[in-house]
Structure formats: structure tokens, C-alpha cells
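# sequence? don't have it. structure:
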């Protein structure tokens, strides 16, 4: 919801004051709105856009060379008054006449038409084009009743580029109407927006559903539907707008995938992935697509797909440069280099090993131990996710599954290539770090690799294994920087390491020493529930996790136990 | 919350695929992330940025000339792996060495450091700079423990510009460290973001409060506070970052007011209005401020203020051109015109009138009637807002208050200037339309003006008044296009007009006829509760408003009654 305001009644004025300050070099405030800060050549047609505010960067954000000469700025979601449109029109007008363009809403139609009449009476030749791109707002044979939504951006852009290119007023009006005739949008909404100072959204969309064709202020749509996967949504939007594709033309389209405010860039790119494919599969060539927030509706959740069916003239104007506060297009003075040919950066695989028979036998035990770890972690994935979510982002189980699987696969390959325990552990550690990502992945990877380097490729004795575990511990803490008591995996690994060293030094066989150390580690992992994580780790308020054990320490103890089970099996 | 995804586990991959498609001419995908699509001159230092995804346009959105050479793209909020950083580094490296830069998070620090070591071992001179701008994450004497948030953008931009300008690796590293030393950010959060596929936000902020210094993934902050007014928030943010201003320097600053995702542009501009003033009042010169979404956190609500304390070198690099998918800066090839001098566009006031004494007396009655309307509407503002909110945006009461107040003021001025009823009504109508905005304002304005033109400046008889009301009705319906039964103000005005005409034609005195017509209009306004608004008006599902009368018809009946009361008073 909209949270930041001073006086809700002055919201638009305050917003405009901040906007004018931030872009002082580009735009100038006039009564009723903004105009470009720079002069235009004599005789240029002025293009003035507008409507209610709450749609930034529409409409004041697109005032500048190649786009609009001025924008009339109404209150939130409210048409500006006749007087405001008149004032901005007069301030923006050069000697070439004036084109007003707004979305086709009752208030805007009335006020801009009245302002047109007034300017006309004063001798400024003025035309008005109302944008009607929203296919959900009326049937195809009643396009004059349709609303303007993200297609506003197309019509304004084309008209602005035409005026900049020196078109006269008749031609700017003609091409603006033509752009509107060739532009179609279908939108969906997932959640309403909240007006400044209001405590409830302006309208609701039931959770788990979407309003198909719901207008950007909550106007009626054509259907309610279950919230689909991104790919299915793309399919629906593409099918909807292509249903009104003209039969003529070169099958070239400008496209906007527009976010309404709370549906973010990452989501739009996921939808775009499928939408672009479907459009191309249908035989269309996509020209200069825009994926982002161009016509928003405060913090409304939703998106829309706009197509402009291009001909030569529209394509030229769609691609023309523009230089406005919120939208810049065209060549910067800096020159682009030639296209790069992508280098082959694939990392080399593990080479051939040369371990002796005993070494290879131990390598097989290492592979089996990693396999047991992977199985254990997979079984515990949900529980690990649950305890991680108490104070973290809940992805520890997933990361451990990804890491152990990658490690097993690399270990198996290395073992098959003739490596001993050292080579297999290094390969496993590198793979874990490479594939798991995140913090725990790189730490586990570093520990395994250090262990591998310490034990080497021959059969290690118990003392060597204990020293190897200590090397792994040291690598992990050096890299991670955590200290005992910081509520991390080392709160399980340190007592394990110390117990293993002591037991081995006292003459215990490796399997027994390992089992003793596992019990200590398991208790220690459970005891991390009493600890508080240190500030600086990516976690919410530290207190939240008191009472819950650390996910990393828990998975550490589980993995060590899985290894112990394999050791016992081999012993028998 | 994040609503659009296909497979949550593949979200980052799908997002990246869509991004690469949308910006195919600018960026190229490589294992682990993206690099520029164009070659760089031999010997240029490569700047590779990165971190987890979910922060668009950070980080892949800023790959391009003048900014980064590549971006390593991790999973959502998760560090990329060592392998991924290594791969992108290798793909991006030219012959001038490589600078990695990321925010100072444990996973990123480990993975990028390990990748650095690996590249170094392969003969690619590689440095790493971790950004630590977040003043809330550790005290000023422990900046090495601070996190990187929106200040990432500053350090990456400065390093990218330095590399583009031909700095060698030592100097790129030096100036990146220097930029980091001179950059400070303080952020606030109002609501958590939701991971793709999750049903609950990653973290919560209690309603009506904000987390001061809460990290962009929910890391601990320094305080919880009541949600303030925008101006108070600006004050807090400015005071926070200025507390660490260096004593030296020219008192020139680059500034970013960054939105995290669901806090929208309009709100940021409202905050900026005050922040800019406070910074200037404190003696700082603002250089090229950025107000918008540069480092987001999915759909998290919140914002942050970043200052970079400039010296000559940093200012040059901060202002240098850049040309990336999401951020473009610098002169386009199109040349700006000279600065325009703003024309005086203020509308002329009402001229001197020449009504006779009788006409002036009637004008005084008109002023009194409008005054009574304004009082009535002010008393009913909340109730009108309430019934309008059922199916509209709830601002009808506010709009009517603004309109009637403006009308009374203009009417009084016109009456004092010697106008009769006609001139006074025209002035009132014009003012209403000009100041109220929206649909009802322009309709009321047109109706009053038409009434004024019909009655003229002399004392009108009852027949002339009735004809004037009809003229007002005709003007209103011609402009608005609604038909009787469409659930609008004309559903009260039409029966009023017809009843008034009939009663006057039957010889009723005006006051009696008016009173009779008011009763009919009041009943008709109440009866609009049974009607359904027509599609095409800016309203949600039409069914919602059945059972609630139309706000416009209700205020119409109230206003007509207020006028009647004045007429009766004058009669007595």
C-alpha cells in the first residue's frame, strides 16, 4: 500500500514538486503540469499528454526531446481540469499547433476537449487523440468505448517522435490515430492499489485469482481466473492481443510487457521468456521490446501486454530516439564496440587419476559416504528448510540437496577416473561449492577439498583422517570467519573434530572414534537452539531464532552420522 | 507478493532467460551470468559485479558501456557460486585485469574471493572490492562489518566509469575503494518481500511501523519506529547519513533515493521534495540525483537514501555516461535546445460587469445559494465519500468541496465586480471546472455556465430560470454522454428539471416550484440505489454498487435543496 505522504490531499502537488526538483535540468513546472526545460525549433508541433497521476513514469516522466512537450498532471487517478489542460497546452505550444493525447476516460475526454476548444478559440490549432488500446474494456466493434492503458505509451511515443521529426499537425494527428488503431493491450490484475492516506485498497482481487482485463483503477474486466503459472499467463495475454492482429502488414510488432507497480522486473522477465517465444512462433518479428514499468497504477499488482502492429512509418517512429526523465532511447554519444564472440569458458573436468588399488578402494568408500549424505539430506530437506526459515530464508535444505548431489556426481566421476580418496574429495568439494551457491555451499566445498588434500590418494590411517578433518575445519573457519558460539555449522563441527582427535590419539579405531564424535556433534547441534546468531549474517532479528537449532549445525551432524554409518558397514 | 513464476526452483534461470531475450543487442549470457554484447578496447579493465538476484536492475541490468562488463547472477538472495563468479570473470576479462565488486555478505565474500584466487592463479590479475555503505549494519568504527545495499550502485558506477576512462587496474581498484569509503546509506522497510513460490513474506514489519536500517533481506536493523510522515522520514534519513559526512571536501554529493520495489515513484518524489531541501539547507550541493528503483528487493516496501561525498574525481565518474539495459546516462546524439523561458500562462480574471441594480441583487442571491451549497457539501463530505467508495474511488465528497468552494469564491468576485446572475454563474462554473478536476467538476462547471448564459445579467422570471436549468441539463448531458438510468447525477437532475418546468408552466412561483422539484429529485437520488452503473465508467464490478445510491445524484439533490432554502429565505 501507499505508505509515504505528507498531506494526502496535497499528494499530487508534493509529488510534482519532488519530480521537478529531481529533474530540474529537463523539465519546468507550469500551472497544471510540466513542460520541457528546453526550447523546440520554431514550427514544431507540441505534443501534450496527461491524465490523472499515480501512473509514473506516465505521464510527466516522458516529457522531453523525442517524446512529449508537456504533461498535464491531475490528482491521483483523477482527470486534470480544463483549466489545467489549457494552461499546459498554452505553455507547451510553439507555432506549429498542438496535439493533446490522453487515455479515453470520461473526465479526460471532457476536460481535454474543452481545453482544445478554448485554445482553438485563441488561435492555437489544437487536436485531441484519445487512446483506446484496452481490448477488455469493450468489444472490437466498439473500440471508441475502450479505455487507454499501457498503449498510451505507444501513441504518445509515436506522436512525440513524429512531431520531433518535423511532421505538421495534420500528420502528427494522423499518425497518432493510426498508432492507436494499431495498438492493443490486454492486462491482468492480482491486487488493488491503495490511495495515499487510505487504509484499504481501492479495490480487491481475491487471493489466488486474477482479474482479466481489470482496468488500472479497478474498472470491470472480462473474467476472473485462477492465478496461473507465468507461462500460462503469457499464453493468455499473447492469444488475447493477437486475436485482433490486422491481416495486412509485415508481421512486425513493437511490444510492451508492462508492470503495474508491485509485480516486479524479475517476474516480468519470467513472463517475457514465454511471451517472446509464443510471439515468434506465431510468425511475428519483435522490434525493440520494452519490459518494465511504463504505465503503473501506484502499487497495484498486475501486468499487461501491449502490441503495436508496425508498418514502415510506425516502426521508424517507435524506434526513434527519446530523452526524457524516465525513458531514454537512442544512441549515446559513446560509440558501441563490435559484437563480441563469446569465449569458451567452460571449466575443465577432472583429469585421469593414478591411485593404487587400496586408494581406489577407499575412494569407493568416500563415494558411498557422500551418497549416504545426499540421501540423508534429501530425507531431511523439509525439516531443514523449516528450521532455517525461523531466522533465515528457508533454503538451507534445498542448498544442501543441490550441494550433496553435485558432490556425489563429481566424486563418482573422479573415482571412475582412477582417483584415490584425496582426488575424489577435492572433486566433490569443488562441485559442491560450484553448484550449491550461497554460503553453506562454499564452506562445505572448501572443507571437503581441504580434507581431500590432507588425506591424499593412498589409504589413510585414523590419525591422517583426524588431521584431515581438522584441516577441513580450519579451511571452513578461515573462509567463513564465524567463531564457536555464533550459531553456525562449526558449533557441530568443532566438537566433532576435537572428539575425533582425542579418541584417535587414545588409540580408538577410526569407526569407533567417528561414532563417539558423531554423538557429541549431534548433542552440540541440538544445543545451538540456545544460541543467538551474530549480527552481520543475513538474518532477521536474532532473537527470533532462540529456541530453534541452527540449520547448518543440524545438517552437519546428520551428514557426519551418515558417513559413520557407511564406515560401520564397511567394517562389518 | 511475488506471484508470477513457472518453477520456483528455476526462477533465476527463467528470469535471466527473459532478460537476455529482451536485451539481446546489449548483453550476452555466459555460464553464471551475463557480459556485454560488445567488445571493449584492448587493455581495458573489466568490472564484474554481482550477487544474488532479486535486486533488479542490480545487478545484470547495469552491464554495458560506462558501467559493468559483466554480472554474476546468483539465485534469489543467494550468493553465486565460486564457479559462477570465475566463469563470468573469465568471460568478461579483457587484457587489463579484472575487478570484482559485490556487497559485503558472507557468501559473496567467500565465493568472489575464491574466484579471484582461481583467476589470479590462471594469470588474470584480479581484485575484489566489497561494498559497505549500510550505516545501520555496524558502528562507524567497524565499517568492514557493514553490508552493501544501494551504495553498490555508486561503487559499481564509479568503478565502471573509471575502467571505461582507461584507468589501469590499480587505479580502478583504488577509486572503487575510495567511492566505497565515501558512500553511506540508511534505509527503512515497511513490509517484507515474498520469495517466488512462498506463501508468506520472508520477514514481517508490524503494520503502521517501519524497521530502521532493516537489511534488504530482512537482516537486523537499529530500531523499530512508527511509520512517519514523508517529511519526517526524509529528515531521519538525511540526519542519519549526514552524521557520517567527512569534514573535508567541497560539500558536493551524489544522491540516490532508492525504492525497494513496492514503494512507488510518486512516494519517492514526495520524500525527495523534503530530502533535497534539507540537504541543501545543510550546505550541500546535490549533483545528478537519482530517484527511483536501482537496487530493489523483489516486492519489499521501503526506501533508502544514499550519499556519495564527492571530490573532483568521484564527481567526474559519477556524472560519466553509461549505457546499460536499465540505466542510461549522458548526452544522446540528439542535441538539446536552449533553455526555455516559461511563458506567462495565467488565465485572465473576470472583467468588470455592468448589471443593473436588480441584476446585482439577484447576483447576491446566487452567491448566497452557492455558499449554501458549499456549506451543505462540506457537512456531507464524509458521507459522500463513503457511498462513492462503494463503487468508485471515494473522492466525490472531496471533489465537491473543492468545486463548490472555488465556485463561491469566483462568484463573490464577479458579483463585487458588478456582474448580474449570468456573469456570476459563468464565473462560478468556470472556476468549479478549473479547480475541482475530475468528471463531476467539469460537468457541474458546464451546467452552471450554461445556466448563467441562459438567464443573463438581469432579473430572470421563473420561466427563464426553468429554461436556464434545462440549458444546464442539456450542457451537462451533451458533455458527459450519460443517459437517464446510468446511475449518475442526471438521475436526480432530470426529474428536477422536468418537475420545475411543469410547475412553473402551471403558474407556480419559482420558490414553490423549486421546492416541489427538490422533493422529486431527492426521491430520485435515493432511488439510484436500485441502478447499476454502466460499463465504461471508471469503476469496479458494477454489481458492487447496487443497494447504494449514486454519490453524484445524492450531492446533486443536496445542492438543489440548499439553493431552495436560500430562495425561501429571500422570499420571507
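Happy to help now that I have it. It should be emphasised that the depicted structure is a prediction, and the values quoted were computed from it without experimental measurement.
# Work out which residue lies at the spatial centre of chain A.
For chain A, residue A:266 is the residue whose C-alpha lies nearest the centre (C-alpha atoms, centre = their mean; 1.9 Å).
# So that one sits against residue B:56, correct?
Yes: counting by C-beta atoms under 8 Å, residue A:266 does reach residue B:56; the two are 5.7 Å apart. Just so you know, the C-beta spots here come from the backbone N, C-alpha and C atoms, and that holds for glycine as well.
# For residue A:250, what is the enclosing helix or strand?
Using DSSP states H and E, residue A:250 sits in no helix or strand.
# can you count the residues close to it?
Neighbour count for residue A:250, taken as other C-beta atoms under 10 Å in any protein chain shown: 13.
# How about residue A:144?
Residue A:144 is flanked by 9 other residues according to other C-beta under 10 Å.
# What confidence value was assigned to it?
You'll see residue A:144 listed with a pLDDT of 92.
# check contacts around the nearest residue to it once chain neighbours are set aside.
Spatial nearest neighbour of residue A:144, chain neighbours left out: residue A:132 (6.6 Å); criterion: C-beta to C-beta, 6 or more residues apart in numbering or on different chains. Residues near residue A:132 by C-beta atoms under 8 Å, 6 or more residues apart in numbering or on different chains: A:104, A:143, A:144, A:145, A:146, A:147, A:148, A:151, A:180.
# Make JSON lines from those and add secondary structure to it.
Converted to JSON lines, the contacts of residue A:132 look like this (DSSP: H, G, I helix; E, B strand; the rest coil):
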{"residue": "A:104", "secondary structure": "coil"}
{"residue": "A:143", "secondary structure": "helix"}
{"residue": "A:144", "secondary structure": "helix"}
{"residue": "A:145", "secondary structure": "helix"}
{"residue": "A:146", "secondary structure": "coil"}
{"residue": "A:147", "secondary structure": "coil"}
{"residue": "A:148", "secondary structure": "coil"}
{"residue": "A:151", "secondary structure": "helix"}
{"residue": "A:180", "secondary structure": "helix"}
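# could you flag which of these are buried?
Buried subset of those (neighbour count, 16 or more other C-beta atoms under 10 Å in any protein chain shown): A:104, A:143, A:146, A:147, A:148, A:151, A:180.
# Report whether stretch A:379-391 contacts chain B.
No: using C-beta under 8 Å from any C-beta of the partner chain, stretch A:379-391 never reaches chain B; the gap is at least 8.7 Å.
# can you give me the offset of that stretch from its chain's centre?
How far stretch A:379-391 lies from its chain's middle: 25 Å, per C-alpha atoms, centre = their mean, to the nearest Å.
# cool, and stretch A:87-94?
That offset, for stretch A:87-94, works out to 39 Å (C-alpha atoms, centre = their mean).
# repeat for stretch A:321-331
Distance of stretch A:321-331 from the chain centroid (C-alpha atoms, centre = their mean) equals 23 Å.
# any low-confidence regions in chain A?
Residues of chain A meeting the criterion pLDDT under 70: A:333-350, A:391-393, A:534-543, A:571-572.
# Tally up the residues packed near residue A:402, please.
Neighbours of residue A:402 (other C-beta under 10 Å): 21.
# following the one helix or strand the residue nearest to the centre of chain A maps to, which helix or strand shows up next?
Using DSSP H and E, residue A:266 falls within helix A:265-281. Following helix A:265-281 in sequence order, the next helix or strand is strand A:285-292 (DSSP H and E).
# Please work out the angle formed by the directions of that following strand and helix A:265-281.
Using axes from the mean of the first three to the mean of the last three C-alpha atoms, to 10 degrees, the direction of strand A:285-292 lies 170 degrees away from that of helix A:265-281.
# Who are the packing partners of whatever helix or strand comes next after strand A:285-292?
Using DSSP H and E, the helix or strand that follows strand A:285-292 in sequence is strand A:301-309. Strand A:301-309 sits against helix A:151-164, strand A:183-191, helix A:230-242, strand A:252-259, helix A:265-281, with contacts defined as 3 or more C-beta pairs under 8 Å, 6 or more residues apart in numbering or on different chains; DSSP states H and E.
# right, and the ones you listed - which one's nearest chain B?
Chain B sits nearest to helix A:265-281 of all the helices and strands packed on strand A:301-309, at 3.3 Å, using C-beta to the nearest C-beta.
# what's the helix or strand for the nearest residue to residue A:378 once chain neighbours are set aside?
The spatially closest residue to residue A:378, leaving aside those adjacent along the chain, is residue A:401, at 5.5 Å (C-beta to C-beta, 6+ apart). Using DSSP H and E, residue A:401 maps to helix A:396-416.
# Up against chain B, what does the stretch 351-500 of chain A have?
Residues of the stretch 351-500 of chain A lying close to chain B (C-beta under 8 Å from any C-beta) are A:393-395, A:398-399, A:430, A:433-439, A:441-443, A:445-446, A:479-481.
# For the buried ones among those residues, write the corresponding PyMOL selection.
Only the buried entries of those go into this PyMOL selection, using 16+ other C-beta under 10 Å:
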select buried, chain A and resi 393+394+395+398+399+430+433+434+435+436+437+438+439+441+442+443+445+446+479+480
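# Go through the residues of the stretch 351-500 of chain A next to chain B and flag which are in strands.
In strands, defined here by DSSP state E, there are no members of those.
# does any part of the helix holding residue A:266 sit near chain B?
Yes: under the criterion of C-beta under 8 Å from any C-beta, chain B is reached by helix A:265-281 at A:265, A:266, A:267, A:268, A:269, A:270, A:271, A:272, A:273, A:274, A:276.
# for residue A:267, what are its contacts?
A:230, A:259, A:303, B:2, B:3, B:4, B:5, B:15, B:196.
# Closest one to residue A:161 out of those, please.
Set against residue A:161, the nearest of those by C-beta to C-beta is residue A:259 (23.6 Å).
# can you pull up the bridge partners for the closest one?
Listed by DSSP bridges, the beta-bridge partners for residue A:259 are residue A:303.
# Tell me, how many residues neighbour it?
Residue A:259 has 25 neighbours, counted by other C-beta under 10 Å.
# Could you tell me how many residues sit around the residue nearest to residue A:459 when sequence neighbours are not counted?
In space, and not counting its chain neighbours, residue A:459 is closest to residue A:358: 4.3 Å by C-beta to C-beta, 6+ apart. Using other C-beta under 10 Å, residue A:358 has 13 other residues around it.
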